[in-house]
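> need a structure here:
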Amino acid sequence: MNKKILIIILIGILAAGGFISFLVWKHYSKPNLPLKHYCQTDSDCILSGNDPEGFGICVNKEWYEEWKKSPESKKYKWDCEYTGKERCACVNNKCQRVDSERECGVKETQVIITTDKTEYDQGETIKISVKNNLDKPIWYRRQIPLEFPPFWELEKFEENKWKTVYFYLPVQEKEKEICILRFHERPTWYIDELKPNSKISYQWNQKVCIGDKDNGSEPEFIQKGRYRFAFRFGLRKIHLSNYQEEPWKGKEDLMDTKIIYSNEFIIKEKSEGILSDTEPPSTLLLIIPEKNQRGNFIELTGRIYSMGSPPVIQLGVETLDGEVYGIVGERTKELWKFRDKTLHLKGYLAGRTPRTEKSIEVIDYRAIK
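Numbering: from 1, shown residues only. So this is what the prediction gives:
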């Protein structure tokens, strides 16, 4: 046979062998089956709407079709919507998002938790507020039992680091607060919504139950020190289909959980007289308006609390819708014993005080159970 023909045949065999070897290598170098994120072209990728990793995750199309058939996929349902601008692409053999959209379009820095002051006497009421400045809702765990802080956690700065303070809250029994620790089989929280541009608030009198206090014992005030509050929230919530297997978790939970912190604040040693339940301190601000300065007759319902610290302590009331009035008039001192109680007040609208923009001269009142 012509030597030239033999060379051509040999080259052809080598080329065919090389091509077959390439195909074999390509086949065996491919990840097992259709791996979740594996791809060769953009058309291999698709957006998954019910993925445990989150909403709008790019995955392999074949993998996704099999995933949808599995019982596990039924556990995940996202409270988000596609914008139509999401895009998937195959980048280095991996399905990835290549658009600038964020799944739920929120930034945790637009959610804030604050206190009304940065320094408190021990036992003074602390007002806590969480504000959602977004144009979309966020989700958080709302504690159900009264002995748990409803939506916040407390941290104390010790040994050059922040540490979580573990405690439970006292509950109201008749006219006094006592420590009662219950064990709950049902979920101790549910997922609540904080609507866009809205806030939630809480007023805490610093009373806590720490450790294994006996049921029925009296609470104590939180120790002096440097503190901050923490707030956990989710950019979305997830519906759990297997909640009956773990009923303490509830039907829903948070996803894309983030945590933010309040401003730091100091709790000082209690000032003399400020914590008396019945006798007002000598430094309590007493303002008696002139009768010709009275405004319209008003009625309001709210919680009585003290503001400030010596040398000026003032009594105030926060209404159910969050408005704050100073309390003035001859009945101010007798209202001192109703701190942290809810009263229905009748009286006349009065002017500014050192700590409030408006006030009420109380003429009559009654307790609200």
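> Need the contact partners of whatever helix or strand Leu300 lives in.
For Leu300, the host element (DSSP states H and E) is strand 297-309. For strand 297-309, the surrounding residues in contact (C-beta atoms under 8 Å, 6 or more residues apart in numbering) are 119-121, 124-125, 203, 268, 271, 274, 313-320, 323, 325, 327, 335-336, 338-349, 355-356, 360, 368. Using the backbone N, CA and C atoms, a C-beta is placed for each residue, glycine as well.
> Next: stretch 157-176.
So stretch 157-176 is contacted by 146-149, 153-156, 177-181, 207-210, 218-219, 222, 225-228, 230, 264 (C-beta under 8 Å, 6+ apart).
> Can you show me the helices along the stretch 1-150 of the chain?
3-29, 61-69 (DSSP state H, counting those that start in this stretch).
> average model confidence for the longest one?
Pointing back at helix 3-29 there. Mean pLDDT, helix 3-29: 60.
> Equivalent analysis for stretch 172-186, please.
Here the average pLDDT along stretch 172-186 is 70.
> Can you name the residues that contact Gln314?
284-285, 306-308, 326-327, 353-356 are the contacts of Gln314 under C-beta under 8 Å, 6+ apart.
> From the contacts of stretch 157-176, keep the buried residues only.
147-149, 154-156, 177-180, 207-209, 219, 222, 227-228 (16 or more other C-beta atoms under 10 Å).
> Quick check: which ranges of the stretch 251-369 of the chain have low pLDDT?
Where the stretch 251-369 of the chain drops to pLDDT under 70, the residues are 251-252, 270-278, 309-312, 369.
> Name all residues that make contact with the residue nearest to Val91 when sequence neighbours are not counted.
Of all residues not flanking Val91 in the chain, Val98 sits nearest, at 7.2 Å (C-beta to C-beta, 6 or more residues apart in numbering). Applying C-beta under 8 Å, 6+ apart, one finds that Val98 lies in contact with 87-89, 91.
> same question, Ile287
326, 328-329, 332, 350, 353, 359.
> and it, that's in a strand?
No - counting by DSSP: H, G, I helix; E, B strand; the rest coil, Ile287 is not part of a strand but coil.
> phi, psi of it?
phi -120, psi 120 (degrees, to the nearest 10).
> Same check on Asn93?
phi 60, psi 30.
> That one reaches Cys39, doesn't it?
Yes - assessed by C-beta atoms under 8 Å, Asn93 is found in contact with Cys39 at 6.0 Å.
> So for the two, which sits in the more crowded spot?
Set side by side, Asn93 and Cys39 show more neighbours around Cys39, with 26 against 15, by other C-beta atoms under 10 Å.
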